[in-house]
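In: give me a model of this one.
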Amino acid sequence: MAHGEDVLQRLVVMSRRLADPALDCVILAEGNTSARIDGESFWVKASGFKMAGIGPEGFVAMRTAPLLGLLDEGRLSDEEVKAHLAAARLDPTVALRPSVEAVLHAIALTAGGAQYVGHTHPTAVNAILCSRRAEEAYAGRLFPDEIVICGPAPVYVPYTDPGLPLAREVYQRIRGYIEAHGETPKVILMQNHGLVALGRDPDEVEAITAMAVKTARVLLGAFAAGGPHHLSQEAVNRIHTRPDELYRRQLLKGQAG
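Out: Residues are numbered from 1 along each chain as shown. Okay, here's the model as predicted:
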């Protein structure tokens, strides 16, 4: 694992790239990103910072274990959650407030198997996630490259109050996904909320985000043309495990930038 400062620099670059206005993934202070420093800590975007033009000063280092411990706590008030988040900062003298989704990021970087995480609100993706047919839309895969980059299926999460309640729901659904597919997910779709991309490096996070946006645009066109025609599960499994597609997956991820 790279030194924490090296990880932070890569996280800064990734965050700025995801916030490129041309991508239409975030505006203002929307979205948040994170990266694992080691098995005990991670960087996460501080609350209130814009991803566009963000620098190292816009991130706060967090201890992972105390945040994961909140999953087993009883009902906590907003103020209690805020206090727990503050107490989990790696450097207690830092005044920055971590994103309200810090626990979700801790989960994505542990149970989710990611090294880098990008949570964005792409307009095309949210156009579907905010629709009445969102779960139907994402009930299957549409084309091979979607499978190659985003995996055999997404983790779909019904709308849940952001913060600790959402983190708990995401944790349970990641566990269910691993049981069903035998691997960690690449994509989390949160109804009426947004997209989470889980990658081994910044390039993979960017590739997943870009493919998720393309998928959303294809879905919007498919619904306009009568409805999506999802691939069979047999076809999805075949694409996901073909040796040539496994090789191409590595090449495509490396070309994300």
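
In: can you name the residues bridging to the residue nearest to residue 101 when sequence neighbours are not counted?
Out: Spatial nearest neighbour of residue 101, chain neighbours left out: residue 32 (5.5 Å); criterion: Cβ to Cβ, 6 or more residues apart in numbering. Glycine gets a C-beta too; all of them are placed from N, C-alpha and C. Beta-bridge partners for residue 32, by DSSP bridges, are residue 119.

In: residues contacting residue 32?
Out: Each residue near residue 32 by Cβ atoms under 8 Å, 6 or more residues apart in numbering is listed here: 44-45, 51, 99, 101, 105, 119.

In: name the nearest of the residues you listed relative to residue 67.
Out: When these are ranked by distance to residue 67 (Cβ to Cβ), residue 105 comes first, at 8.3 Å.

In: list the contacts for the closest one?
Out: Taking Cβ under 8 Å, 6+ apart, one finds 32, 34, 42, 44, 99, 117, 119 in contact with residue 105.

In: if we can go back for a sec, looking at the contacts of residue 32, which are in helices?
Out: When DSSP state H defines the helices, the subset of the contacts of residue 32 inside them is residue 105.

In: what's the most distant pair in the contacts of residue 32?
Out: Farthest pair in the contacts of residue 32, by Cβ to Cβ: 51 and 105, 13.9 Å.

In: and the contacts of residue 105 as TSV, adding pLDDT and distance to residue 6?
Out: As requested, those are exported to TSV (pLDDT from 0 to 100; distance: Cβ to Cβ, whole Å):
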residue	pLDDT	distance to residue 6
32	96	20
34	98	15
42	97	14
44	97	17
99	89	22
117	98	17
119	98	22
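
In: next, give me the two most distant ones among those residues.
Out: 42 and 119 (13.5 Å).

In: please name the nearest non-neighbouring residue to residue 199.
Out: Leaving aside its sequence neighbours, residue 199 sits nearest to residue 205 (Cβ to Cβ, 6+ apart; 3.8 Å).

In: quick check: the one you found is in a helix.
Out: Yes: judged by DSSP: H, G, I helix; E, B strand; the rest coil, residue 205 forms part of a helix.

In: can you pull the contacts of it?
Out: 14, 18, 33, 116-118, 197-199 are the contacts of residue 205 under Cβ under 8 Å, 6+ apart.
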